[in-house]
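Asker: I need the structure of the sequence given here:
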Amino acid sequence: MSHVVVEGVSRTFPGKRGGEPTVALSPIDLTVERNDFVTILGPSGCGKSTLLRIVAGLDDPTTGQVMVAGREVVGPGPDRGMVFQSYTLFPWLTVADNIAFGLRRKGVPAAQQKEIVDFYLGKTGLTKFGKHLPKELSGGMQQRVAIARALANDPDILLLDEPFGALDNQTRGLMQELLLKIWEDDQKTVLFVTHDIEEAIFLASRCIVMTARPGRIKADVEIDLPRPRDYHLKTSAALLAFKERLTEDIRAEAIKAL
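Answerer: Numbers count the residues shown, from 1 in each chain. Reported below is the predicted structural model:
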């Protein structure tokens, strides 16, 4: 059984002040296998984030359904962890308390909370910053907290919506390698939305390319590059060949969107 099954999912938003409705997604069919790392590319406004929010249960499809582990998605659930581009941390809570937030809501005993939080502080390189407030951290460190908070709840699926989009290029590269290391260790199923073609290729086992709005799937490309991966791969002929192909696909759709 596929881990995630998207069946005939479309999304139309009502028009404002009696205007024409906006069709964000044409009916989409997509399957994601357990422990797969799937990136989603497409021009601005093609519905990438809308699709991710529907899988997360944060938005409802106009038609179709999403099945996760054989059960229909009808709202958010602990089996899916979401990380956004904005860090969405609670500014009044320490790093450790931000990571523990979901655990407290589930009633996890305090001693077990501390054990889990300490583990993910270590995994994300934040052990020395547990007592800091978010405003005392860099952008890359805040995003590590957001990822640690999502992982602390032990979701089966990690959903990431351009999580590194606001970071400088060097920090972004380091965060990509950190995420790959976590994925290789924990073997989560990952859906990752990005505008960055190189990032999509570097991370993914599969790359989904979406058309200009209304979004539908234009291409489903297997990224058969060797693992484990590090930054040296980004200058390899194999990655550059994928980049050339996907750039042409995205460019054609971006022109349509103008």
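Asker: host element of the nearest residue to Val221 once chain neighbours are set aside?
Answerer: Excluding its sequence neighbours, the residue lying closest to Val221 (C-beta to C-beta, 6 or more residues apart in numbering) is Cys207, at 4.7 Å. Where you see a C-beta, it was placed from the backbone N, CA and C, and this is true even at glycine. For Cys207, the element it lies in under DSSP states H and E is strand 206-210.
Asker: Could I have the CA atoms of the helix or strand just after that strand written out in CSV?
Answerer: Note on strand 206-210: by DSSP H and E, the next helix or strand toward the C-terminus is strand 217-222. Taking C-alpha atoms only, strand 217-222 is exported to CSV below (Å, rounded to 0.1, in the frame of the first residue of the first chain):
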residue,chain,number,x,y,z
ILE,A,217,1.4,17.2,-12.7
LYS,A,218,3.6,17.8,-15.8
ALA,A,219,6.4,15.4,-15.0
ASP,A,220,7.3,12.8,-12.4
VAL,A,221,11.1,12.4,-12.5
GLU,A,222,13.1,9.7,-10.7
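Asker: Pull the residues that contact strand 217-222.
Answerer: Outside strand 217-222, the residues that touch it by C-beta atoms under 8 Å, 6 or more residues apart in numbering are 28-30, 42, 205-211, 242, 245-246, 249, 253.
Asker: among those, which ones are buried?
Answerer: 28, 30, 42, 205-211, 242, 245-246, 249, 253 (16 or more other C-beta atoms under 10 Å).
Asker: What's the end-to-end length of stretch 180-196?
Answerer: Chord length of stretch 180-196, first to last residue, is 16 Å (C-alpha to C-alpha, to the nearest Å).
Asker: next one: that stretch to chain centre, how far?
Answerer: The chain centre lies 7 Å from the centre of stretch 180-196; the measure is C-alpha atoms, centre = their mean, to the nearest Å.
Asker: before we move on, back to that, what's the closest of the contacts of strand 217-222 to Pro78?
Answerer: Nearest to Pro78 among those, counting by C-beta to C-beta, is Leu30 at 22.4 Å.
Asker: ok, the closest one touching Gly8?
Answerer: No. Taking contacts as C-beta atoms under 8 Å, Leu30 lies outside contact range of Gly8: 10.4 Å.
Asker: For the protein, which segments are assigned as helices?
Answerer: 48-56, 95-99, 101-105, 110-123, 139-152, 169-186, 197-203, 237-257 (DSSP state H).
Asker: CSV for these, including distance to Arg216 and mean pLDDT?
Answerer: CSV is the format used below for those (distance: least, C-beta to C-beta, whole Å; pLDDT from 0 to 100):
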stretch, distance to Arg216, mean pLDDT
helix 48-56, 10, 97
helix 95-99, 37, 97
helix 101-105, 34, 93
helix 110-123, 37, 95
helix 139-152, 28, 93
helix 169-186, 27, 92
helix 197-203, 18, 97
helix 237-257, 10, 93
